[in-house]
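S.K.: From the sequence below, what's the structure:
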Amino acid sequence: MTSEKGAPYDEPATALAIRRYEERLAKDPASLAFAPLADLYRKVGRISDAVAVCREGLKRVPRYTTARLVLAKTLMAAGEPGAAQAELRAIIEQSPRDAPAHRALAEVARQRGDVDAAIHHLEAAVESDPADRDSRAMLRLFQTTRVGPLEPGIGRVLRDDVFVTLTFGVVCLDHGLVEEAAEIFTRLLRRDPLDQRARDGLEHALRARSSRKRG
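M.R.: Now for the predicted structure:
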């Protein structure tokens, strides 16, 4: 069996979990099992199934924020950030301190190039969940674009806007300077949130940063 994206998902534990949730939901259509089932569908790439299951379940329990978060993440995976943002805002209206929703909203804002909105939601996430180290690290990264003391080496160079260019950002990436590259692309997005090349560069830098941390 394959996902909609072509990735196999024959991992026995996952397949078994999906089957059990499907059986539970078939026996009791009012069960809240639709949320974990949809999340598993999302993780194995069955995006349309995940959306359908979430939307059907939320008709019965519209205030079930966990399911709405799963739906938002699925919509993001489907390349529908606007629809995802609407679901996340619905969560925040109901639960203003919902840290996962703020984290997801920060991700949507970052993908759209809106650095200030991303910072706002990361700050809210950290305030609601002080143990959220990932949000705190991302927040520090974005906040390096604000005025601060001069630093040695390339940090001092980046205080000169002459070097805040797409070309220099790519050079930093090529040399493994992912933090510096992320700063450059973030500052470019502050100037123009619609700059697709800066958005792509920031995504590349953040992926490289994440891979380096895992390594």
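S.K.: From now on I want contacts and neighbour counts done on CA atoms only, so please keep to that.
M.R.: Noted.
S.K.: What does the most far-flung residue of the chain relative to its centre show for phi and psi?
M.R.: What lies farthest from the middle of the chain is residue 27; by C-alpha atoms, centre = their mean that is 34.0 Å. Main-chain dihedrals, residue 27, degrees, to the nearest 10: phi -70, psi -30.
S.K.: I'd like the next helix or strand past the worst-scoring helix or strand of the chain on mean pLDDT.
M.R.: In the chain, no helix or strand scores lower on mean pLDDT, DSSP states H and E than helix 154-157, which sits at a mean of 51. Counting by DSSP states H and E, the next helix or strand C-terminal to helix 154-157 is helix 166-174.
S.K.: Pretty sure residue 119 sits against residue 142.
M.R.: Yes. Taking C-alpha atoms under 8 Å as the definition, residue 119 is a contact partner of residue 142 at 7.0 Å.
S.K.: Which one's more surrounded, the two?
M.R.: Between residue 119 and residue 142, counted using other C-alpha atoms under 10 Å, residue 119 has the larger neighbour count: 23 against 19.
S.K.: mind checking the longest helix of the chain?
M.R.: If you go by DSSP state H, the chain has its longest helix at helix 196-214.
S.K.: what's that helix packed up against?
M.R.: Judged by 3 or more C-alpha pairs under 8 Å, 6 or more residues apart in numbering; DSSP states H and E, helix 196-214 is in contact with helix 166-174, helix 178-191.
S.K.: if you set the cut-off to 10 Å instead, what comes out?
M.R.: Helices and strands touching helix 196-214, as assessed by 3 or more C-alpha pairs under 10 Å, 6 or more residues apart in numbering; DSSP states H and E, comprise helix 99-111, helix 166-174, helix 178-191.
S.K.: In a markdown table, list those helices along with mean neighbour count.
M.R.: Formatted as a markdown table, the helices and strands packed on helix 196-214 follow (neighbours: other C-alpha atoms under 10 Å):
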| stretch | mean neighbour count |
| --- | --- |
| helix 99-111 | 23 |
| helix 166-174 | 17 |
| helix 178-191 | 23 |
